[in-house]
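Asker: Mind looking at a prediction? Sequence and model below.
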Amino acid sequence: MAHAWDPDRYLAYADERGRPFLELLARVRAEAPTYVVDLGCGPGNLTRLLAQRWPEARVVGVDSSESMIAAARGSVPEVDFETADVREWAAGVPARSVDVLVSNATLQWVPGHLDLLPALVRAVRLGGWFAFQVPGNFDQPSHVIRAELAAEEPYAAHTQGLATPASHDPVVYLEALQGLGCEVDAWETTYLHVLSGQDAVFEWISGTSLRPTAAALPEDLWPRFAEELRRRLAAAYPARKGRVVLPFRRVFCVARVGEATRP
């Protein structure tokens, strides 16, 4: 079952979700690009920063969610937005046409996305930039507890085969992109997000990794699942003085596309 994205819920933690984008973008040293693409642009709030940095460029935001694209078009008129899957976009874009290609917290949703990297690199002109970041926290309680609960009865019958995000360590991306002839800067950062409220971690994942499970469960099972998930997450992330600390590891790559990538 396809899951829907909720722009308002996603933006509930806009500052925390936006910080990695800013730190990724700071390593992109493009001076005067003419064509900039944000793959997985979501509601467009971060895509706007690309248009502000490079006002002379054509900036395009791409997302597979129609609701996200609708929200983006309504709030960021200075950017062109398109509805497309990442794989579809990579297959359809002319080779060597993009000056800066950015993807923020998107590739983890693409199964086998390492195999997609050659196509994404081919989309970028020689000397251009390909930058992305993905979460690297899938071994943490926020993910493990949800998966364990979803595998229990009576939920298991409805949650088999759900979309599951995944990523790799920085060195894996570095070696893959170096093999494609890129000059690569790869690193990782663990943020300590301080969130308010007893159910803060539940609210956090409600905008992202919990979406497929919520979409898969029948209406009569979802409240029971959500209540138990809240309880388990609260035990794993205890609130102190009304605040919860959520460690969140992210993996970053900035690649300069070089001559070795020429077909």
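Answerer: Yep, that arrived.

Asker: Please enumerate the strands of the protein.
Answerer: Using DSSP state E, the strands of the chain run over residues 35-39, 58-63, 80-83, 98-104, 124-135, 182-196, 243-257.

Asker: Dump these to a markdown table, plus distance to L149, mean pLDDT and mean neighbour count.
Answerer: No exception for glycine: its C-beta is placed from N, CA and C like everyone else's. Below are the strands of the chain laid out as a markdown table (distance: least, CB to CB, whole Å; pLDDT from 0 to 100; neighbours: other CB atoms under 10 Å):
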| stretch | distance to L149 | mean pLDDT | mean neighbour count |
| --- | --- | --- | --- |
| strand 35-39 | 31 | 98 | 25 |
| strand 58-63 | 29 | 97 | 23 |
| strand 80-83 | 32 | 97 | 17 |
| strand 98-104 | 28 | 98 | 25 |
| strand 124-135 | 20 | 98 | 21 |
| strand 182-196 | 20 | 96 | 15 |
| strand 243-257 | 18 | 97 | 20 |
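
Asker: Could you dump those into TSV and include distance to W222?
Answerer: Compiled in TSV, the strands of the chain are given as follows (distance: least, CB to CB, whole Å):
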stretch	distance to W222
strand 35-39	31
strand 58-63	25
strand 80-83	27
strand 98-104	29
strand 124-135	24
strand 182-196	23
strand 243-257	23
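
Asker: So which of those is nearest D15?
Answerer: With CB to CB as the criterion, D15 lies closest to strand 182-196 of those, at 9.4 Å.

Asker: For R232, which of the strands of the chain is the nearest?
Answerer: R232 lies closest, by CB to CB, to one member of those: strand 243-257, at 13.7 Å.

Asker: how near is the closest residue to S196 other than its chain neighbours to L24?
Answerer: Among residues not flanking S196 along the chain, R243 sits closest, at 5.8 Å (CB to CB, 6 or more residues apart in numbering). Per CB to CB, to the nearest Å, R243 is found 27 Å from L24.

Asker: same deal with A156?
Answerer: Using CB to CB, we find A156 at a distance of 37 Å from L24.

Asker: Next: V102.
Answerer: Per CB to CB, V102 is found 7 Å from L24.

Asker: what touches both of the two?
Answerer: Counting by CB atoms under 8 Å, 6 or more residues apart in numbering, the shared contacts of V102 and L24 are A131, F132.

Asker: Was I right to think S64 contacts R87?
Answerer: No - between S64 and R87 there is no contact under CB atoms under 8 Å: 9.5 Å.

Asker: So which of the two has more stuff around it?
Answerer: S64 (20 against 16; other CB atoms under 10 Å).

Asker: Now the more buried one: closest residue in space, sequence neighbours ignored.
Answerer: Setting aside the residues directly before and after it, S64 is nearest to D85 in space (CB to CB, 6+ apart), at 4.7 Å.

Asker: picking that back up, okay, and the common contacts of S64 and R87?
Answerer: Counting by CB under 8 Å, 6+ apart, no residue touches both S64 and R87.

Asker: rewinding a little: contact partners for the residue nearest to S196?
Answerer: By CB under 8 Å, 6+ apart, the neighbours of R243 are V194, L195, S196, A200.
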